[in-house]
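Participant: Below: sequence and its predicted model.
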Amino acid sequence: MTDFLQLIVSGLLAGGIYALIALGVVFIYKSTQIFNFAQGDFVMIGAFLVWGLLVQLELPFWLSMVLGIVLIAVIGLLVERLLLRPLIGQPILSAIMMTLGLAFILKGIVALIWGNVYLAYPKIFPGETLHIWGVALSSQALWGFLIAMVSFGALVFLFQRTRIGLLMRATAEDHQLAQSTGIRVRRMFGITWAIAAVVGLMGGVLMGSIVAVSPILADMGLVAAFPAVLLGGLESIPGAVVGGLLIGIFQSLAAGYVDPLVGGGIKEVAPFVIMLLILIFKPHGIFGLERIERV
Amino acid sequence: MDRPSGTYNVSYEQDMAIVRTRTQWVLSILGLVLLFCLPLFLGRQWLVMVNVAGISLVSVLGLGILTGYCGQISVGQAAFMGVGGYISAFLTAHLGLPFLVALPCAALGAGLVGILFGLPSLRIKGFYLAMSTLAAQFILLWCFGHIRPDILGGLDGIVVPRADLGGIALKTEQSQFYLIMTIAVLMTFLAKNLVRTRTGRAFIAIRDNDVAAELMGVNLFYYKLLASFICSIYAGVAGSLWVQYIRHVDPSHFTLLESIWYLATLIVGGMGSITGALFGTAFMRALNEAIAYFSPTLGAVFPNVAISVFASLSMIFFGLVIVLFLIFEPRGLAHRWEMFKSSYRLWPYPY
């Protein structure tokens, strides 16, 4: 029983971060109708950027976070301006390939600057491992979960309660309609990409502080975020958090109970099995919109 | 169509023919003869390049049918190649069957797995199918490394004997060239032929507008699965050729990077064109070789990552090629080739 609880709790804590990474994908899909295959690479490059500022340049943590956020927001804006804007009106495969191409450029840049490494963050968050009813709670994971949830809340607030959020929601609703009411749709796209990149950086720092800073983070982000997004529904912000938490728990349970039977590695595969089942039985996820098509 | 002036089709057969004019006949026969004489002039290093390109071509052709003609995005081509490769490796290495038996089995096996992962395409389209094949990529790759390590060899893989035809083992690079090229040419003609049949037209109808295609009586589910099946058969053949060529099979040959490499090849060559697959494969293989050639020099510039400089540079260039082609030439090299051909015919007049 304690084992079961332990697995649930650690899955939940990891799921919080997954939800944050998934939110980045949902944000971009909602407003630009592009599925960003490079979100995992934003996670990776974010973790490396902050690590570089914090450890290699020896800046204080808050300063490296601020600088990291500014840098990655610029990267997000540039990506939108240089890569995605020329593709407006092109078929969906072009957009998918573009994000895949971007993913490889980012991977290559990280490999060129830092190499294929496995680095640790200095201990960012205070506190010791807590024990409640025999369940161990790592303080890093706990802080990670809390920060992920707070960032999530802040983004939802931005999206639902501020003027810029209103503009973004209008853009997401209908590009032409938004443009005709005087919203600068392309600028909204740029802002969306910048926000998604910043969200990726947050996820990267949190995941990096728990796992390690390594190019593997890109795959981990992808493994975590895509099934979460599809489970929750592509266009749903609550879906991202529900999907993220469920995938986290499921992954942890699978790793705990199935791994000993098959000899490891199930953690990377289990979310995709879920994803395949969702695609077959409920392709639009829990909260997703089903679009009706007319010829 | 863009035929030289004065060349008309006077019968239906002529309009449908793969090789339309006498010049085309002469050129294609000459081209084939020249192709099969290549081992007489090329050194071993060049032959290796051509052989690898030939195997990739088979895989790209399959993906071209699924993605380029039927419009279903697949990011799991390498994993389906892996299925074919593992089946072929199992049959030849463990059961001692001849290669010519293992090859169709591998193709069929990969095809069936392709159908399995194509099943979600009944209800989904566009990039949702990309997600389904992405899942296939991760799940299959995990299966290669973890299921029955006593048979499939786990992460270390298994050693595969080279193909033999009627007791003659194809050990030399030249004999491999003939095997690979015969199959590659055969598969190219099959693909070229397929796209002008009823099936091929159904694929194109689905790509252009699936709802409209269904209204016209195209059975969407059947043709989508058929496209997945054919695509995976090509992948299976390529995988089977690949494992016997490098004499080893392990999961690291069939990664997501490889899958995306095939998609990128298709984009570079031009979607919906068999000629495009040829151009794309040639271009991307040449790019790979060029990076491999120049990376030692660049390794001197970035000494702290000299070991991984090839890997990182090839990723950056690979990404850049995708990005630049999508922005500047989304119709690929095949489109350029058509433009070149028509301007050549009209020369010296501008139009």
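Facilitator: Thanks, I have it.
Participant: Where does pLDDT dip in the chain?
Facilitator: Because you didn't say which chain, this covers chain A. Counting by pLDDT under 70, chain A shows low-confidence ranges at A:127-128, A:134, A:263-264, A:291-295.
Participant: wait, I meant chain B there
Facilitator: Ranges of chain B meeting pLDDT under 70: B:1-7, B:126, B:167, B:299, B:302-308, B:350-351.
Participant: Isn't residue A:11 up against residue A:253?
Facilitator: Yes: in this structure, residue A:11 is within contact of residue A:253 by C-beta atoms under 8 Å, at 6.5 Å. For every residue, glycine as well, the C-beta is placed using N, CA and C.
Participant: So between those two, which is more surrounded?
Facilitator: Neighbour count, other C-beta atoms under 10 Å in any protein chain shown: between residue A:11 and residue A:253, residue A:11 has more, with 22 against 16.
Participant: ok, the more buried one - contacts?
Facilitator: Residue A:11 is in contact with A:248, A:249, A:250, A:251, A:252, A:253, counting by C-beta atoms under 8 Å, 6 or more residues apart in numbering or on different chains.
Participant: What separation is there between it and chain B?
Facilitator: Between residue A:11 and chain B the computed distance is 19 Å (C-beta to the nearest C-beta, to the nearest Å).
Participant: Run through the helices of the stretch 51-200 of chain B in chain order.
Facilitator: Ranges of helices in the stretch 51-200 of chain B, per DSSP state H, counting those that start in this stretch, are B:77-89, B:99-118, B:127-146, B:149-152, B:173-194, B:198-208.
Participant: Could you dump these into TSV and include mean neighbour count?
Facilitator: Shown next, in TSV, are those (neighbours: other C-beta atoms under 10 Å in any protein chain shown):
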stretch	mean neighbour count
helix B:77-89	31
helix B:99-118	21
helix B:127-146	24
helix B:149-152	13
helix B:173-194	18
helix B:198-208	18
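Participant: Make TSV from those helices and add distance to chain A to it.
Facilitator: Listed next are the helices of the stretch 51-200 of chain B as TSV, based on distance: least, C-beta to the nearest C-beta, whole Å:
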stretch	distance to chain A
helix B:77-89	11
helix B:99-118	8
helix B:127-146	4
helix B:149-152	7
helix B:173-194	19
helix B:198-208	10
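Participant: With respect to residue B:70, which of those helices lies nearest?
Facilitator: helix B:198-208 (4.1 Å; C-beta to C-beta).
Participant: CA-only coordinates of the helix or strand that comes right after that closest one in PDB, if you can.
Facilitator: Using DSSP states H and E, the helix or strand that follows helix B:198-208 in sequence is helix B:210-215. Provided in PDB are the C-alpha atoms of helix B:210-215 (Å, rounded to 0.1, in the frame of the first residue of the first chain):
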ATOM      1  CA  ASP B 210     -10.900  13.200 -48.000                       C
ATOM      2  CA  VAL B 211     -14.500  14.100 -47.500                       C
ATOM      3  CA  ALA B 212     -15.000  14.800 -51.200                       C
ATOM      4  CA  ALA B 213     -13.200  11.500 -52.000                       C
ATOM      5  CA  GLU B 214     -15.500   9.600 -49.700                       C
ATOM      6  CA  LEU B 215     -18.600  11.200 -51.400                       C
END
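Participant: The next helix or strand after helix B:210-215: how far from the chain's middle?
Facilitator: With elements assigned by DSSP H and E, the helix or strand that comes after helix B:210-215 is helix B:220-246. Relative to its chain's centre, helix B:220-246 lies at 9 Å (C-alpha atoms, centre = their mean, to the nearest Å).
Participant: can you check stretch B:171-181 too?
Facilitator: Worked out by C-alpha atoms, centre = their mean, stretch B:171-181 lies 18 Å from the chain centre.
Participant: List the contacts of that stretch.
Facilitator: B:35-36, B:38-39, B:44, B:47-48, B:50-51, B:54-55, B:162-163, B:165, B:168, B:170, B:241, B:245.
Participant: Also stretch A:167-187?
Facilitator: Residues contacting stretch A:167-187 (C-beta under 8 Å, 6+ apart): A:30, A:31, A:85, A:159, A:160, A:188, A:189, A:191, A:192, A:235.
Participant: My guess is the third one contacts residue A:98. True?
Facilitator: No: taking C-beta under 8 Å as the definition, residue A:85 is not a contact partner of residue A:98, at 10.5 Å.
Participant: Among the two, which residue is more densely surrounded?
Facilitator: The neighbour count for residue A:85 versus residue A:98, taken as other C-beta under 10 Å, is higher for residue A:98 (26 against 13).
Participant: Tell me who's in contact with the more buried one.
Facilitator: Contacts of residue A:98 by C-beta under 8 Å, 6+ apart are A:83, A:84, A:87, B:322, B:323, B:326.
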